[in-house]
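1. Test case, fold it:
(chains A and B)
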Amino acid sequence: MDVFGSFALVLAFVCAVYAFGGGIAAIITRHPLLIKSTRQAGITTCCLIFLATFSLEYLFFSDNFSAAYVVSHSNRDLSTFYKIAALWSGQEGSLLFWSFLLSIYVFSVLLTYRNKNGELMPYVGVVMAGVQIFFLTLNNFIENPFKALAVPGADGLMNYVARADGNGLTPLLQYPEMVIHPPNLYSGYTGFTIPFAFALGALLARYPGEKWIHLTRKWTMIAWMFQSMGILLGAHWAYAVLGWGGYWGWDPVENASLLPWLTGTAFLHSVMMQEKRGMMKVWNVWLVFCTFLLCILGTFLTRSGVVSSVHAFANSKIGNWFVGFMAITVLVCLGAYLKNRDYLASENQLDSIVSRESSFLFNNLILLVACVAVLSGTLFPVFSELLTGNRISVGAPFFNKVNIPLGLLLLFLTGVGPLLAWRKTSTESLKRNFGWPLAMGLVAGVIALVFGFRQFYSWICLILCVFVASTVLLEFYRGAKVIRARSGASFVASAVELTMRNTRRYGGYIVHMGMVFVFIGLAGAAFNRDIQKDMRQGDTMQIGPYNLVLQGFDTKPEKNYTAQRLLVEVLQDNKPTMMLYPEKRRFSTTEENGTMVAIRSTLKEDLYVVYAGTSPDSGLPVLHTYLNPLVKWIWFGGVVVVFGTLVALLPNRRTVLVLSGAQQPAAQPFVPGLTPSATMREGHD
Amino acid sequence: MRKQAKFGVGVFVIVASMGFLAWLGYGESKTYYHTIAELETLKGSAMSQRMRIGGTVAVGSIRHLAGRVDFVLEGEGKTLPISYIGTDPLPDTFIDKSQALVEGHPGPEGRFVAEVVQAKCASKYEAAPGGKGGAAPSPTEPSRM
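-> All right, here's what the predicted structure looks like:
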């Protein structure tokens, strides 16, 4: 199977080169057979990458310990669940997995548009093949996952060998989210290749109008959704496994995943300016280019260890390849832009500072400033060394000082933006749309102050969360009221009908609501508490309303590890509530330790209990307990964001006609399907 | 033009205030990377900076004492005794021969006082052929390739 996989990868490389070279020839000659054959080469490339990936999985499942990658990342006792995940637990497999996920996207795009957009698709195919060639080069020639295990023999020659068993998967990775976090994040990283390919393709082809934006909208949203899920699952993984009570440490790899999310979010908003008003064309194209480059940079940071991080792999030989690829990409993008920049001329100008356009501009500005801050903070060690010779890093205070106010500004715009009218918003409309939400926010703020809320940023966050949630609910309420008056259906049914009539707009509101929940959870961090104590059997530890009693310890042998557990009884307000079992795991194959945190999670707070080892002074087990308010809202918000994105991906129940920007009344409750349109632009808001 | 000017002012205010906050955050958290060998050559104010040092944990050097954990980092043929005084539990990956990063300040008698210890994430460990775990490689058991 290893030979088979290797061979499939080589063939995939050859096909990708043909799809790229033949694609360029097809663009020049416009020969229909050549166009068809390059498309088929693209599809074949993807199928071969699928085969290679499946054969690597087969090596894991057949416990083939003659393959170096399998020896390094698996053993016989490893469960089926983790044998799947072992594929992306190391360098070579991760890069193959990148190619695999990219191929799923490329395959879907090539099939979906095989008989459509004939002018544009050859360009898109060439760009996608170019990206595939880069990753297949790494897969084939630099980090081949099918390398056989070899040791130097007495004669100095390498002998191929097989082991009886492998080294096993490292303990930190043996956690359920390990199976779902990287695929999500990688699906985000790879997914942004599609809007990139369309943007660059459309620019090169001078493809008319905003059609490339319409074509890529759902692909961008899918990638964005995976990226969001990947980031949150990563945060949850860090929270549940690393045992330090937090979920975000501004680690370079975490930052790397946030960067394309920030520009991707900016892009999802600013494309509306182009669709509605023909503005921001240059900006949008560069946002997509930057998002793609940041995805590559993210993969590069994770894989090359260029910035010291707890995540990154040891310095490896792939760094220069990534830098080279990014340099070529920048040059191609710049060349395409300079050649065809007249194609991107704006059709309109900014009319008023209080308008939808201006809120989008500020939204983009804030996301971009956040992106620049996170990027410069992450790469600070690299650039400071280049410029001054001193390698200097910046820590959490740097990132928090900039990003907390930016996040709050963004939250404010989340409430304000969707309700401002295009072009100009009247004072009357401002009062109508924001009067109640603003009042609700301020009332919440006053109540919080009365109850002793003294954390400034959390207090502002609370006011804004109430304000934004009120604006969103008010929008649903007004729209549903109109439908209810006409149909007589229940309020909930009317709200669902309203959503289904304009999925993009109301799906977007649901996403905004999800972000409000995430912010509620983040605001809770200001009130985190923790306590650490050596515990004798029967000892009690108190934190908040909880009393924790150590009832005993036990040892639980499992297939792959032995767990030492503390049996902790939780009493809430002196009533027995539940048992928690924080544990330390000892993995027999790797002789490494792992921690399993025990969490009692409610919407109010998380009781987070860590078995922090044995005290050297007393020889007693150490219990480290954190009380983290509102954390669950972050994960819940994530689920709502994903749900909202899925809603926004659904087709509208009816054809939607909307007024063009000039004629749409200022943020009226909008009932799609009922409003005539002067310019038949696609229905969205 | 007036609208553009208004927008420009908004942009300037946001960018300038963020720049100021970034500068404050930079001052608060900047940490200099040094190797163990470089540490010996530092003088004067450079010694009072917050720094980050990487190395390999010397075998058998980890000693848990009251209120601190002592260990020795090795790198480039030099050694550096470290006292970890932080409250967070040490990571599970922090064991003999693990690669560790410490953050803190140089203390008295050549001992480095660390407030933060990171041990490299397990995903980074690429198994060395013939390394720990698994059966020893056997040249008598040729693979199919």
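2. quick one: the residue most central in space within chain B and residue A:381, what's the gap?
-> By C-alpha atoms, centre = their mean, chain B has its centre lying nearest to residue B:101, at 2.5 Å. The spacing between residue B:101 and residue A:381, counted by C-beta to C-beta, to the nearest Å, is 12 Å. For every residue, glycine as well, the C-beta is placed using N, CA and C.
3. What ranges does chain B have for its helices?
-> Under the criterion DSSP state H, chain B contains helices at B:2-29, B:36-41.
4. Which of the ones you listed sits closest to chain A?
-> helix B:2-29 (3.4 Å; C-beta to the nearest C-beta).
5. quick one, which residue of chain A lies the farthest from its center?
-> Outermost residue of chain A (C-alpha atoms, centre = their mean): residue A:155, 50.4 Å.
6. Now do that residue against chain B, distance only.
-> 11 Å (C-beta to the nearest C-beta, to the nearest Å).
7. where does that residue land on pLDDT?
-> With respect to pLDDT, residue A:155 scores 73.
8. Three-state assignment for it, please.
-> coil (DSSP: H, G, I helix; E, B strand; the rest coil).
9. Can you pull the phi/psi pair for it?
-> Main-chain torsions, residue A:155, degrees, to the nearest 10: phi -80, psi 10.
10. Surely residue A:231 is in a strand?
-> No - per three-state DSSP, residue A:231 lies outside any strand segment and is helix.
11. if I pick it, what's in contact with it?
-> Contact partners of residue A:231, counting by C-beta atoms under 8 Å, 6 or more residues apart in numbering or on different chains, are A:185, A:254, A:257, A:258, A:261.
12. and chain B, what are its domains?
-> Annotated domains of chain B cover B:1-30, B:32-122 [automatic domain parsing].
13. ok so, going back, ok, of the helices of chain B, where does mean pLDDT dip lowest?
-> helix B:36-41 (a mean of 82).
14. Quick one, which of the domains of chain B gets closest to residue A:327.
-> Distance to residue A:327, taken as C-beta to C-beta, is lowest for domain B:32-122 among the domains of chain B, at 25.6 Å.
15. Now do the helices in the stretch 451-600 of chain A.
-> Applying DSSP state H, counting those that start in this stretch to the stretch 451-600 of chain A gives helices spanning A:456-487, A:491-501, A:503-523.
16. From the chain's centroid, how far away is the shortest one?
-> So that's helix A:491-501. From the chain centre to the centre of helix A:491-501 is a distance of 29 Å (C-alpha atoms, centre = their mean, to the nearest Å).
17. again, but for the first one
-> Relative to the mean C-alpha coordinate of its chain, helix A:456-487 is positioned 26 Å out (C-alpha atoms, centre = their mean).
18. Next, the buried residues of it.
-> A:457-476, A:478-480, A:482-484 (16 or more other C-beta atoms under 10 Å in any protein chain shown).
19. Same question for the shortest one.
-> For helix A:491-501, the buried set under the neighbour-count rule, 16+ other C-beta under 10 Å, comprises A:494, A:495, A:497, A:498, A:499, A:500, A:501.
20. quick one: whichever strand or helix holds residue A:253 near chain B?
-> Applying DSSP states H and E as the criterion places residue A:253 in helix A:252-277. No - applying C-beta under 8 Å from any C-beta of the partner chain, one finds that helix A:252-277 is not in contact with chain B, the shortest distance being 8.7 Å.
21. all strands of chain B, in order?
-> B:31-34, B:51-57, B:63-65, B:68-75, B:78-84, B:99-106, B:112-119 (DSSP state E).
22. For the closest residue to residue A:120 other than its chain neighbours, which residues are in contact?
-> Distances taken as C-beta to C-beta, 6 or more residues apart in numbering or on different chains place residue A:207 nearest to residue A:120, at 4.9 Å, with adjacent residues excluded. Residues in contact with residue A:207 (C-beta under 8 Å, 6+ apart) are A:119, A:120, A:123, A:201.
23. which stretches of the stretch 1-150 of chain A form helices?
-> A:2-29, A:32-61, A:68-73, A:80-85, A:91-112, A:121-137.
24. out of those helices, deepest packed?
-> helix A:68-73 (a mean of 28; mean count of other C-beta atoms under 10 Å in any protein chain shown).
25. Does that one pack against any helices or strands, and if so which?
-> helix A:32-61, helix A:91-112 (3 or more C-beta pairs under 8 Å, 6 or more residues apart in numbering or on different chains; DSSP states H and E).
26. Include mean pLDDT and distance to residue B:32 when you put those into JSON lines, please.
-> Putting the helices and strands packed on helix A:68-73 into JSON lines (pLDDT from 0 to 100; distance: least, C-beta to C-beta, whole Å) gives the following:
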{"stretch": "helix A:32-61", "mean pLDDT": "95", "distance to residue B:32": "42"}
{"stretch": "helix A:91-112", "mean pLDDT": "95", "distance to residue B:32": "29"}
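27. I'd like those helices written out as TSV, with distance to chain B added.
-> Compiled in TSV, the helices and strands packed on helix A:68-73 are given as follows (distance: least, C-beta to the nearest C-beta, whole Å):
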stretch	distance to chain B
helix A:32-61	11
helix A:91-112	7
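28. Distance to residue A:612 added to the ones you listed, as CSV?
-> Converted to CSV, the helices and strands packed on helix A:68-73 look like this (distance: least, C-beta to C-beta, whole Å):
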stretch, distance to residue A:612
helix A:32-61, 34
helix A:91-112, 31
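29. closest one to residue A:588 among those?
-> Using C-beta to C-beta, the helices and strands packed on helix A:68-73 put helix A:32-61 closest to residue A:588, at 19.4 Å.
30. so how far is the closest one off the chain centroid?
-> 26 Å.
31. and stretch A:2-11, is it in reach of chain B?
-> Yes - Stretch A:2-11 is in contact with chain B by C-beta under 8 Å from any C-beta, via A:2, A:3.
32. Tell me the gap between that stretch and the middle of its chain.
-> Relative to its chain's centre, stretch A:2-11 lies at 31 Å (C-alpha atoms, centre = their mean).
33. do stretch A:65-82 as well
-> 28 Å.
34. that older thread, got a PyMOL select line for the buried ones in the contacts of residue A:207?
-> Buried members of these, defined by 16+ other C-beta under 10 Å, are picked up in PyMOL with:
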select buried, chain A and resi 120+123+201
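35. Could you work out the most separated pair of the contacts of residue A:207?
-> Counting by C-beta to C-beta, the most remote pair of those is A:119 and A:201, 9.8 Å apart.
36. got the contact list for residue A:282?
-> Contact analysis of residue A:282 by C-beta under 8 Å, 6+ apart lists A:337, A:341, A:344, A:346.
37. Can you name the residues that contact the residue nearest in space to the middle of chain A?
-> Residue closest to the average C-alpha location in chain A (C-alpha atoms, centre = their mean): residue A:227, at 1.9 Å. Listed by C-beta under 8 Å, 6+ apart, the contact partners of residue A:227 are A:184, A:185, A:187, A:188, A:189, A:191, A:192, A:257, A:260, A:261, A:264.
38. Looking at it now. What's its pLDDT?
-> Taking residue A:227 on its own, its pLDDT is 96.
39. try the one 4 residues further on
-> Reading off the per-residue confidence, residue A:231 sits at a pLDDT of 95.
40. near chain B, which residues of the stretch 401-550 of chain A show up?
-> Close to chain B, as judged by C-beta under 8 Å from any C-beta, the stretch 401-550 of chain A has residues A:401, A:402, A:405, A:406, A:409, A:532.
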